[in-house]
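Participant: the following comprises the amino acid sequence and a computationally predicted model.
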Amino acid sequence: MSRERIDPLLGLLRDPSAAARFQLADWDALIRSARRANLLPRVALDLDERGLTGLVPEAPRAHLEAARVLAAAQAAAVRREVAFIDRALADRGVPIVLLKGAAYLIAGLSAARGRMFSDVDILVPAETLADIEAKLMLHGWASAKTSAYDQRYYRRWMHELPPLKHHTRQTVLDVHHAILPTAARLKPDSAKLLAAAFPVPGEPRLRVLAPVDMVLHSATHLFCNEDVGNSLRDLVDLDSLLRELAVRQGFWEILAGRAAELDLARPLYYALRYARGVLDTPVPDTAIRAADAGRPPPWLRGLMDGLFLRTLHPRHADRALTSLARLSLYVRAHWLRMPPLLLAQHLAVKAFRREESVG
Amino acid sequence: MAGAIPDPSSSALRWRSVPPDALAWRHWGEEWVVRNERNGNTHLLGPVAGRVLELLAHAPGPLATAELTAALDPTLGASAASVEDVLTEFRRLGIAEALPG
Amino acid sequence: MIVADLARPVLARRLRDEGLRVRTGPVVNRIQSRLPRVAQGIALHYAEYPVEEADGFADFHVNIVTPRGVRRWARPQVHFQFDGMRAFLPLPADQAFAMLEWGLNWCVSANCHQYLIVHAAAVERSGLAALLPGPPGSGKSTLCAALVNRGWRLLSDELALLDFASGFVVPLPRPVSLKNESIAVIRRFAADAVIGPIVQDTVKGSVAHMRAPPDSVQRAGQPARARWIVLPRYESGVGARLSPLGKARAFMCLADQAFNYDVHGRRGFEFLGDVVGGCDCFEFDYADLDAAVGAFDRLSRP
């Protein structure tokens, strides 16, 4: 893959010391790019960690400081929210597994550093969903999507309850029973994920996914998820997870095998390819070769390279072509998750309702 | 807290605030403002509530309603009943907890 | 260089092409728009404001654009874009300048967390600031407009920026927005006030903007210590009445009106406590602007 002229954001993510060479115009581009990508606090903390914040001119430095404050407030809010959820489900008898940002934060992983949070995501056994939903509603959560269509869509075809919003705190909780929809083409077995989940030190009732599974979930989320505006942020997550978790004994050796076992070989292929290609993530050649089992046919790989790399390179955000690329990825993400007939119906309904709200 | 909620009118109850490092407060004249780190909420408290909060936060151990009432400045004119009302409200707001005696 | 130094055709071209970089207090806005109404509004209201160089740093990049499509001619609309992304629902094209003002406020309130940002007007006299917090309809903009036409300096009409580092109010002088009857009231009260065109039928009623006094713009680099917190309420029949307000209540009002109080957690609580502790606090009922200004002048005399 060729690397086009280095966008200041990508340059900084790969090597924070590049900040020393930035002119004001570079900072101007960087702050905008990073804010769009939800990575401004991350950049601020990367610079802090290397003692480089003093090099930043005053005007852009104010934005870095503001972003840091915002991310810290969100992290505190997530901790509180996890405590509320834990208390609400205290007598459930089954462990709940935290996913994504909340998991990184509670487990103390570097992927949580400078992260922007919105919802809390948890994974529970499918058979406990009704009981969990009932307990949560007792403690003040209610369904945020009230149309009958959305209720059906989420429960039957997606892999989660419709998002739950707490009536006083206004926080959102996503309760999943699988990491991909039951109707999707890829079928990772939730029971295996739950069985392998790790306890969190100091939190008797909370679990997180096993390290290899956490990486695979991140890869899946990145390449199968519909929220393509967050692609670079998701890739940064993946990069952080790999740098911290892959140093463990035997990690790389079991990664490809576990991916095959969970039907996630294709997402793993893309994840390693793009993490290494875009962020210089240190992935051993042996791991790349092992992941090759999940590679797509060459014509598709070329297309995906074009689509993803356009989305990931922030500089292109101003150009019309990227909107098309993002839309193509959105359609593809849904394609991976839902049967074609339902996909067309769902997108049509979503499009219709969006116009309704703008009138 | 699992189990049944203790009846606040039982004199066997003892009260404590959430850990003091989770609370921040200021007072000017008779009114107080307090922020609870546990839930991020900020509240306006009257003179009795403010003083009860201060006593609970500084107490080495849980206190009974009668002990709190006795420790209040008499000029506040607070009865045990009004102190109980304050404590019930504190529990609702997540500022204090009741422990069975 | 200030905006008035640019010839009108040059101003219009810059807005259409690379954007105009205007400094408003601590914030530089790069503004782009092809719309004549926006250029006119900027020429009127931002004449005295510094223009920054193109290869520098702009805090916010905003566009006011007309979307493509049939609506362009039928009932034309405008969008506000922040960093290339549409931020709000579109508005009728005649509200383009008002949309710019609301959008610039939003940029600050959503991003400038180096300050505690309170939804309040702020004015200064003798180096000391009065904060006028209040929800829309409390009359704070009308009162603010009156005061700055009678010798008080405009620090801000909508967003009071409280600086954590210094504890001072940092000026963000921008056009004062007036609504409905206030427009006529201020025209009568201050014949010299420069007020732009009235736009009808916005979600807030009729809206017009009063130009910030040039002195306020020129002194945008001078912060002021907060000394008074005054909760205004327009109350017909009352000349002007200041009533002392307990500081705890003033604290709750400011916290309630602060955009980012929750973002700052414990630190915000302590900081706001310090600010309130150093202020005299009042409720203020008024109907007569001359009496109101008199009351403020007496407040500011030692």
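Facilitator: Structure received.
Participant: you'd agree A:Ala275 is in a strand?
Facilitator: No - A:Ala275: not assigned to a strand; according to DSSP: H, G, I helix; E, B strand; the rest coil it is helix.
Participant: surely it is in contact with A:Leu235?
Facilitator: Yes - in this structure, A:Ala275 is within contact of A:Leu235 by C-beta atoms under 8 Å, at 6.2 Å. C-beta coordinates here come from the backbone N, C-alpha and C atoms, glycine included.
Participant: backbone dihedrals for C:Asp288, please?
Facilitator: Geometry field for C:Asp288 lists phi and psi as phi -100, psi 120, criterion degrees, to the nearest 10.
Participant: next, count neighbours for the spatially closest residue to it that is not a sequence neighbour.
Facilitator: Once flanking residues are discounted, C:Asp288 sits nearest to C:Gly239: 4.7 Å by C-beta to C-beta, 6 or more residues apart in numbering or on different chains. Look at C:Gly239: counted by other C-beta atoms under 10 Å in any protein chain shown, it has 13 neighbours.
Participant: can you point out the buried residues in stretch B:24-34?
Facilitator: The neighbour-count check on stretch B:24-34 (16 or more other C-beta atoms under 10 Å in any protein chain shown) flags B:24-28, B:31-34 as buried.
Participant: kindly report the residues of chain B close to chain C.
Facilitator: B:24, B:26-33, B:35, B:37, B:40, B:42, B:44-45 (C-beta under 8 Å from any C-beta of the partner chain).
Participant: let's see that with 10 Å instead.
Facilitator: B:21-35, B:37, B:40-46, B:50 (C-beta under 10 Å from any C-beta of the partner chain).
Participant: the lowest-mean-pLDDT helix or strand in chain C close to chain A?
Facilitator: Sorting the helices and strands of chain C by mean pLDDT, DSSP states H and E puts strand C:85-86 at the bottom, at a mean of 78. Yes - under the criterion of C-beta under 10 Å from any C-beta, chain A is reached by strand C:85-86 at C:Met85.
Participant: strand partners (parallel or antiparallel) of that strand?
Facilitator: strand C:77-82 (antiparallel) (DSSP bridges).
Participant: ok, back up a step: list phi and psi for the residue nearest to C:Asp288.
Facilitator: Dihedral angles for C:Gly239 - degrees, to the nearest 10 - are phi -60, psi -70.
Participant: ok, it - contacts?
Facilitator: C:285-288, C:290-292, C:294-295 (C-beta atoms under 10 Å, 6 or more residues apart in numbering or on different chains).
Participant: among those residues, which two are most distant?
Facilitator: Maximum pairwise distance in the contacts of C:Gly239, criterion C-beta to C-beta, is 15.1 Å, between C:Asp285 and C:Asp290.
Participant: who's more crowded, those two?
Facilitator: Neighbours per residue, other C-beta under 10 Å: of C:Asp285 and C:Asp290, the larger number sits with C:Asp285, 19 against 12.
Participant: specify the local secondary structure of the residue lying closest to B:Ala80 once chain neighbours are set aside.
Facilitator: Of all residues not flanking B:Ala80 in the chain, B:Thr69 sits nearest, at 4.7 Å (C-beta to C-beta, 6+ apart). With three-state DSSP as the basis, B:Thr69 sits in helix.
Participant: gap between A:Ala20 and A:Leu52?
Facilitator: Noted for A:Ala20: a distance of 7 Å to A:Leu52, by C-beta to C-beta, to the nearest Å.
Participant: what about those two, which has more around it?
Facilitator: Higher neighbour count among A:Ala20 and A:Leu52: A:Leu52, with 16 against 9, using other C-beta under 10 Å.
Participant: near chain A, list only the ones from the residues of chain B next to chain C.
Facilitator: B:37, B:40-41.
Participant: show me where the stretch 151-300 of chain C has helices.
Facilitator: Using DSSP state H, counting those that start in this stretch, the helices found in the stretch 151-300 of chain C span residues C:181-189, C:214-218, C:247-257, C:265-277, C:289-300.
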